[in-house]
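Asks: with the sequence up front, the predicted model follows.
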Amino acid sequence: MLCVNSVNAMFHKIGLYYRTVRYLKPRQVGFRVYYMFRRKFYSVIGYRYPQSIPSNSVELKLQPSIPAYYSYLGNNTFQFLNLEKGFENSIDWNYADYGKLWTYNLNYFDFLHQPGIDKATGWSLIRDFISNSNYLKDGLEPYPISLRGINWIKFFTRHHINDQKTNDHLYAQYYRLLKNPEYHLMGNHLLENGCSLLFGAYYFNDKKLYDKAAKIIKSELEEQILEDGGHFERSPMYHQIILFRLLECLNLAKNNDLFDHELESLLIDTCKKMIRWLNAITFTNGDIPLVNDSASGIAPITEQINAYARRLLNTESTEKEKITTKNSKEHKEKNDNKSLCSIEAFVVKNGTGYRKIVGDDYEMVIDVGDIGPDYIPGHAHSDTFSFVLYHEGNPIIVDPGTSTYEKNERRILERSTEYHNTVMVNGDEQSEIWGGFRVGRRAYITHLEEKSNTIKAAHDGYEKFDIYHERTWKFNHGSIVISDNIIEKENGTPAFSFLHFHPDVHITINNDYIIAEEIRIRFLGSAEIREKEYLYCMGFNRLRSAQKISILFKSRLQTVIEL
């Protein structure tokens, strides 16, 4: 029996890898193999990247940007991801006890732009980093090189620093990045590589860096920014990060005439498109829905991005731009301008799949899209048909968010179906999330129908059981009705519908309904309500106890939210 179990486990693992790798682009696989063999070859011949290359820098002009979050606390003490570390003697730029993401943040140098950092402090930290170049590990990877390069150049520009030794070190880092764009990862990493190479090109007046940057930025913007304006990894947090980075590039290109302005119009159009999506998805209190990999305290907030964009784009109405769909317009006409709600996110074929529903006193974001780009679903969760509800500007039903990128049980849980406001059938995941950033089998939308006040969709995440999940949202005066239908040949497969409440929301269970603050939620059908606690993510490494309910049902369930 032990031998049989081992064989089954082996075949399961092989299948899992196959279901994951089969979606990768040939380019990703090719560059993984190429970089691996090149590293081995460099090791054999003893090649090391130069730490210094003679350079000639240019003094740039940049408009004021968005301040960074406080992360340098003074006296060689840093706080990233809500974890604080002080270094007594010298800074360990390879410090790994808090995980790789914390080490990455230490090497980004975002803190150079936090309020209160003066020239002497920032300059001292940069020199300390350079003095430890021989011992750097994670900090020499393409992604931290990319962010650090931009931050150093912005800092040098603001304080009019022109130090030859430092410039030569930075120039060598850029040529290391030039040889190692993250084609094996793609996604936001590769776009960040391109944006940083653009900063390096301008700072060093280097046409070779510029050509590479322009090529990456053009191709990746076409690939990564979808028709509705959303970023293709379907994370509002990463959307904010990428939009901020593109605004930084626009700042650079608009205020310096070293190269032609081929990228400027592309950046302007893309930023405007992304701003419209961000404003549509942002709640009236300024929150973003924490769907997929999203957390508070990481990206610039929407209000900051709007203010920065207004300065760069010379417009006063950026943050007021809203997206009204054809459906909502038709609905308004049919109801003599007394519409039940409006849908404030693009309804397009090749979009993120998010819909923002706005009623008289509520806002709801729902997910009726696929989980993300097939070849890079690392920031995706198993959350098809999940939703987030705000009432009178306050969070009521929420996405629990993200608190860690470490490969542990917590990471798996936060990406799982049961940690989202959707339905789990037969105790299985909609999409086969595993590891820290991997997905095997994945759910696809098989049907999507949208009317004036109704959205109906189905997905095939349980196709292996010959089961499909169909969910319908109907928006009425004073209520939202969510209907779940488990489509199967033989009725009786158990299913759970989950609702996660914000930590500030207290719920009371009464037979077939619950009370959540001023909202009553009724469950129609053969349903069993169960209550339990869960941990809501207040940010990375910050968790707070909250209430959730699971509703056991078979075949059909109707959830009526009375507002």
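Replies: Looks like it arrived, so ask away.
Asks: is Thr508 located within a helix, as I assumed?
Replies: No: Thr508: not assigned to a helix; according to DSSP: H, G, I helix; E, B strand; the rest coil it is strand.
Asks: could you give the bridge partners of the closest residue to it other than its chain neighbours?
Replies: Nearest residue to Thr508, sequence neighbours excluded (C-beta to C-beta, 6 or more residues apart in numbering): Ile515, at 4.6 Å. (C-beta placed from N, C-alpha, C; glycine too.) Beta-bridge partners recorded for Ile515 (DSSP bridges): Thr508, Arg520.
Asks: surely Ile515 meets Arg522?
Replies: No: applying C-beta atoms under 8 Å, one finds Ile515 not in contact with Arg522, separated by 10.4 Å.
Asks: who has more neighbours, the two?
Replies: Arg522 (17 against 14; other C-beta atoms under 10 Å).
Asks: which SS class is the more buried one?
Replies: strand.
Asks: hang on, isn't it packed against Ile529?
Replies: No: using C-beta under 8 Å as the test, Arg522 is too far from Ile529 to be in contact (10.6 Å).
Asks: intersection of neighbour lists for the two?
Replies: Asp512 (C-beta atoms under 8 Å, 6 or more residues apart in numbering).
Asks: quick one on the thing from earlier: now do the contacts for the residue nearest to Thr508.
Replies: Ile507, Thr508, Ile521.
Asks: any chance of those residues in a markdown table, with distance to Ser452, neighbour count and pLDDT too?
Replies: Output for the contacts of Ile515, formatted as a markdown table (distance: C-beta to C-beta, whole Å; neighbours: other C-beta atoms under 10 Å; pLDDT from 0 to 100):
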| residue | distance to Ser452 | neighbour count | pLDDT |
| --- | --- | --- | --- |
| Ile507 | 31 | 18 | 95 |
| Thr508 | 34 | 12 | 94 |
| Ile521 | 24 | 24 | 96 |
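Asks: any chance of those residues in TSV, plus distance to Lys207?
Replies: As requested, the contacts of Ile515 are arranged in TSV below (distance: C-beta to C-beta, whole Å):
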residue	distance to Lys207
Ile507	62
Thr508	67
Ile521	61
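Asks: pick the one among those closest to Ser479.
Replies: Lowest distance from Ser479 to the contacts of Ile515 (C-beta to C-beta) belongs to Ile521, with 9.9 Å.
Asks: next, the contact list for the residue lying closest to Ile507 once chain neighbours are set aside, please.
Replies: In space, Ile507 comes closest to Ala516 once its chain neighbours are excluded; the distance is 4.7 Å by C-beta to C-beta, 6+ apart. By C-beta under 8 Å, 6+ apart, the contact set of Ala516 is Ile396, Ile397, Phe501, Val505, His506, Ile507.
Asks: can you tell me how far Ala516 sits from Thr270?
Replies: 40 Å (C-beta to C-beta, to the nearest Å).
Asks: look up how far Leu263 lies from Met364.
Replies: Met364 is 37 Å from Leu263, by C-beta to C-beta.
Asks: wait, Lys100
Replies: From Lys100 to Leu263 the distance is 32 Å (C-beta to C-beta).
Asks: and the two? Which one has more around it.
Replies: Remark: of Lys100 and Leu263, Leu263 carries more neighbours, 23 against 14, as counted by other C-beta under 10 Å.
Asks: distance check, the more buried one against Glu406.
Replies: Counting by C-beta to C-beta, the gap from Leu263 to Glu406 is 37 Å.
Asks: model confidence for the residue lying closest to Lys407 once chain neighbours are set aside, exactly?
Replies: Nearest non-adjacent residue to Lys407, counting by C-beta to C-beta, 6+ apart: Gly436, 4.0 Å away. Per-residue confidence (pLDDT) for Gly436: 88.
Asks: distance of Gly436 from Pro236?
Replies: Per C-beta to C-beta, Gly436 is found 20 Å from Pro236.
Asks: between the two, who's got more neighbours?
Replies: Taking neighbours as other C-beta under 10 Å, Gly436 and Pro236 compare with Pro236 leading, 26 against 15.
Asks: quick one: contacts for the residue nearest to that one when sequence neighbours are not counted?
Replies: The shortest distance from Pro236 to any non-neighbouring residue, by C-beta to C-beta, 6+ apart, is to Ile288 (4.0 Å). Shown in contact with Ile288 (C-beta under 8 Å, 6+ apart): Pro236, Met237, Gln240, Leu278, Ile281, Thr282, Ser294, Thr302.
Asks: what separation is there between Ile288 and Leu535?
Replies: 20 Å.
Asks: which stretches of the stretch 301-450 of the chain have low pLDDT?
Replies: 315-349 (pLDDT under 70).
Asks: and the strands in it?
Replies: 342-343, 354-358, 362-367, 387-391, 394-397, 423-425, 433-434, 438-439, 445-450 (DSSP state E, counting those that start in this stretch).
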